[in-house]
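Participant: need coordinates for the below:
(one chain, ligands or ions: 2)
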Amino acid sequence: MTITEPNKSWERLDHGSRGVTVLGSTGSIGINTLDVLARHPDRYRIVALTANTQVDRLFDQCQRFLPQKAVMLDSRAAARLKEKIRNQKLDIDVLSGADGLNAVATHPRSHIVVAAIVGAAGLLPTLNAVRAGKRVLLANKESLVVSGHVFIEEAQRCGAELLPVDSEHNAIFQCMPDGFSAGTAAPSVRRIFLTCSGGPFRGSSQESLVSVTPEQACAHPNWVMGRKISVDSATLMNKGLELIEACWLFGVSPDQIEIIIHPQSVIHSLVEYIDGSVLAQLGNPDMRTPIAHALAWPERIESGVKSLNLLEVARLDFESPDLTRFPCLRLAYDAARGGGTMPAILNAANEVAVQAFLDRRIGFTDIPLVIEHVLSEIPASHDNRLEVVLSDDMRARDVAVNFIASRERRVSQGAT
Ligand code: NAD
Ligand code: MG
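Facilitator: Ligands and ions are numbered 1, 2, ... in the order given. Below is the predicted model:
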């Protein structure tokens, strides 16, 4: 779905269309978002696109969607993009760095901000979009995990609409009672079932997990995603982060959420009401459905997703997750119940461990060991202020980095 063809029909028309900023437009969610937006040029207008370092991909997107602004976090990448845009005589303003991201996240002409940066790096621009009262389409689950308290409070204070794009949370949102808004508990809801595909290693033995490679971990059976979330899906940390995300979005406690392994990924989650009714949202596993839903809510728009063929699906299976083979999920439950800055510490340690695994510095089964070590070293604070959360995030990253380095030293000494 890489976009290369310039689209002459995409014009900067302002007549009643809604302005959209896509933070992280070159990633998996970003590309899916642009695919949906391209189906509705009369309804949406792109104000800004952003990326970390992928100059060529952002340039292709600029040619096709003619945003007013393009931002690259990396300043050298921004300089290269600027040159390409000048050579092509495009009227697009190129910005860089955190200031550039914040400028487009709060731009007065953006009504909708799609938060699709990966990791805690997405937190501040997303929070700034919330503070500017935007409709925020939240894919970046890490920002809620790290500072859910601040996000929900600020969304309510500033009148922002926080709409989940994570497929499970979008499904839950669709099953919530009329009038529901993020962060408030619905008294008629008893429980939430959060579904989980089980990832690529659902049937693997504990011993075989030791030798898993990054390529194997990134080969998800049902979804094509960025590398970080693919590894999280393989360790089941993704479901752990989603548990914490769901607690914030739907105002429930971790014990009101049951995680169910559902390998077909057709039921995207379920909500149980106090009268015993259980509502579910179903569909093909394609992120364009939740993206289209959140873009147009409360209306519905075409997304390009093909119809669900239930006869082809034929059966729907359910099982419990195995917390022994997948300790990341157990650690996330502990963090969800512990509260305070514990989820931020868990998330930061996980980000460092996943990157080290992708860089082949640690093994797959070392990921939970790193996280457990960091959680045991840093006592969680129950001060919810953003500066406290961010300081614990930084400490957790330092402890994780040092732990991985000391393990590497031990391994290399053992080898000589
Ligand atoms: P990805 O790695 O494919 O893309 C990430 C995007 O963020 C890219 O545009 C990249 O340039 C940008 N980026 C990376 N680091 C950055 C930084 N430090 N500063 C600014 N920009 C940066 O990731 P993805 O799979 O699209 O996931 C994005 C977010 O959406 C994640 O939080 C993920 O958990 C969530 N999510 C993804 C999916 C999915 O299907 N991919 C589903 C649900 C939720
Ligand atoms: Mg999900």
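
Participant: make it CA atoms for all contacts and neighbour counts henceforth
Facilitator: Will do.

Participant: show me the shaky parts of the chain.
Facilitator: Per-residue confidence for the chain (pLDDT under 70) gives these ranges: 1-15, 415-416.

Participant: distance of the most centrally placed residue in the chain relative to Asn347?
Facilitator: Closest residue to the average C-alpha location of the chain: Asn140 at 3.2 Å, with C-alpha atoms, centre = their mean. As judged by C-alpha to C-alpha, to the nearest Å, Asn140 and Asn347 stand 12 Å apart.

Participant: do Arg57 as well
Facilitator: The spacing between Arg57 and Asn347, counted by C-alpha to C-alpha, is 28 Å.

Participant: higher neighbour count, the two?
Facilitator: Of the pair Arg57 and Asn347, Asn347 is the one with more neighbours under other C-alpha atoms under 10 Å, namely 27 against 18.

Participant: ligand 1 contacts on this protein?
Facilitator: Counting by C-alpha under 6 Å from any ligand atom, the positions of the chain adjacent to ligand 1 are 24-30, 51-53, 73, 116-119, 121, 139-142, 166, 225-227, 229, 287.

Participant: in helices, which of those residues appear?
Facilitator: Secondary structure of those is defined by DSSP state H; positions in helices are 28-30, 141-142, 227, 229.

Participant: adding distance to Ala294, write these out as TSV.
Facilitator: Listed next are these as TSV, based on distance: C-alpha to C-alpha, whole Å:
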residue	distance to Ala294
Ser28	17
Ile29	13
Gly30	14
Lys141	15
Glu142	18
Arg227	24
Ile229	20
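
Participant: from those, which single one is nearest Leu90?
Facilitator: The shortest separation between Leu90 and any of those is 21.4 Å, and it belongs to Gly30 (by C-alpha to C-alpha).

Participant: grab the nearest non-local neighbour of that closest one.
Facilitator: Distance criterion C-alpha to C-alpha, 6 or more residues apart in numbering; nearest residue to Gly30, sequence neighbours excluded, is Gly24 at 5.7 Å.

Participant: counting neighbours, what do you get for the one you found?
Facilitator: 25.

Participant: touching, Cys175 and Leu282? I think so.
Facilitator: No - applying C-alpha atoms under 8 Å, one finds Cys175 not in contact with Leu282, separated by 10.7 Å.

Participant: which one of the two has more residues nearby?
Facilitator: Here Cys175 and Leu282 are set side by side on neighbour count (other C-alpha under 10 Å), and the busier one is Cys175, at 20 against 14.

Participant: ok, that one to ligand 2 distance?
Facilitator: Counting by C-alpha to the ion, to the nearest Å, the separation of Cys175 from ligand 2 is 16 Å.

Participant: so that residue versus Pro164, what's the distance?
Facilitator: Distance from Cys175 to Pro164, counting by C-alpha to C-alpha: 13 Å.

Participant: check Gly148 too.
Facilitator: Where Pro164 is concerned, Gly148 sits at a distance of 13 Å (C-alpha to C-alpha).

Participant: compare those two (neighbour count), which wins?
Facilitator: Using other C-alpha under 10 Å as the criterion, Gly148 and Pro164 rank with Pro164 on top: 28 against 24.

Participant: so what's the more buried one up against?
Facilitator: When the contact criterion is C-alpha atoms under 8 Å, 6 or more residues apart in numbering, the partners of Pro164 are 137-139, 170, 173, 290, 294.

Participant: before we move on, back to that, now the buried members of the ones in helices among the residues of the chain next to ligand 1.
Facilitator: Of all those considered here, the ones buried according to neighbour count by 16 or more other C-alpha atoms under 10 Å are 28-30, 141-142, 227, 229.

Participant: who's in contact with stretch 36-50?
Facilitator: Residues from elsewhere that reach stretch 36-50 (C-alpha under 8 Å, 6+ apart): 9-14, 16-26, 58, 62, 65-73, 101, 104, 109-110, 288, 291-292, 302-304.

Participant: buried set for it?
Facilitator: Using 16+ other C-alpha under 10 Å as the test for burial, stretch 36-50 gives 36-38, 40-50.

Participant: and stretch 64-83, by the same measure?
Facilitator: Under the neighbour-count criterion of 16+ other C-alpha under 10 Å, stretch 64-83 has 64-74, 77-82 buried.

Participant: also stretch 378-386?
Facilitator: Buried residues in stretch 378-386, counting neighbours by 16+ other C-alpha under 10 Å, are found at 380, 386.

Participant: separation between the nearest residue to Arg330 once chain neighbours are set aside and ligand 2?
Facilitator: Leaving aside its chain neighbours, Arg330 sits nearest to Leu323 (5.7 Å; criterion: C-alpha to C-alpha, 6+ apart). Plainly put, Leu323 is 19 Å away from ligand 2 if you go by C-alpha to the ion.
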